[in-house]
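Novice: Mind looking at a prediction? Sequence and model below.
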Amino acid sequence: MKTSKIVYKGGLRTGAVHLASGNEVITDAPVDNKGKGEAFSPTDLLSTSLGCCMVTIMGILADRSGIDITGTGIEITKIMKGDPRRVGEIIVEFTMPQRAYSDKEKASLENAARTCPVAYSLHPDIKQTISFHWPG
C-alpha cells in the first residue's frame, strides 16, 4: 500500500498527503538554502521524525507497563554539514513530566527511545545526541 503522495507546488514548496488519513504536510526550503522557511524543511521533518518515533516507542512501552508519560516534551536541534549538504547531527532533548519514575522505568524508557525504527534507519554518519531530563 502506498504511503503518501507529494506534489511540488512551486517556490520551493511541497505538499505531502498521507494517503490513509488525507492529512497534508507542507514543506519549504530553509532560509539558508534559498527558501522562505515558512514551514518545516524536509531535513526538519527528518530530524523531527526521530523525536516523534522515539516518544511513540516509549509510549508503547509505557502503555504496556502502566507508566504515564503524557506531557513528555521533546526539543529537536538539527545541525547541518556541507560537502555534500546533509544533516550531520540531531540533538534530542527529552523533558519528562513530574512523576516518580523508578530507575528501572527510566532505563527501559531510555532504551525504548534509542532503539526506535527511525534511529535505526538513519545513516550511522548522522550523530544522534540524546538526553533525558528526569524530574527530581
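Specialist: Right, received. Where do you want to start?
Novice: What are the boundaries of the helices in this protein?
Specialist: Taking DSSP state H as the criterion, the chain carries its helices at 42-65, 103-114, 117-121.
Novice: ranking those by burial, who's on top?
Specialist: With neighbours taken as mean count of other C-beta atoms under 10 Å, those reach their highest mean count in helix 42-65, at a mean of 18. Where C-beta positions appear, they are placed from N, C-alpha and C, glycine not excepted.
Novice: so what does it touch, helix or strand wise?
Specialist: Taking 3 or more C-beta pairs under 8 Å, 6 or more residues apart in numbering; DSSP states H and E as contact, the helices and strands that helix 42-65 lies on are strand 24-28, strand 73-81, strand 86-95, helix 103-114, helix 117-121.
Novice: how much does it deviate in direction from strand 24-28?
Specialist: Taking axes from the mean of the first three to the mean of the last three C-alpha atoms, to 10 degrees, helix 42-65 and strand 24-28 form an angle of 140 degrees between their directions.
Novice: mind giving me the domain ranges of this structure?
Specialist: As recorded under automatic domain parsing, the domains making up the chain are 4-33, 42-133.
Novice: Need those domains in TSV (columns: mean pLDDT).
Specialist: Conversion of those to TSV gives the following (pLDDT from 0 to 100):
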stretch	mean pLDDT
domain 4-33	97
domain 42-133	98
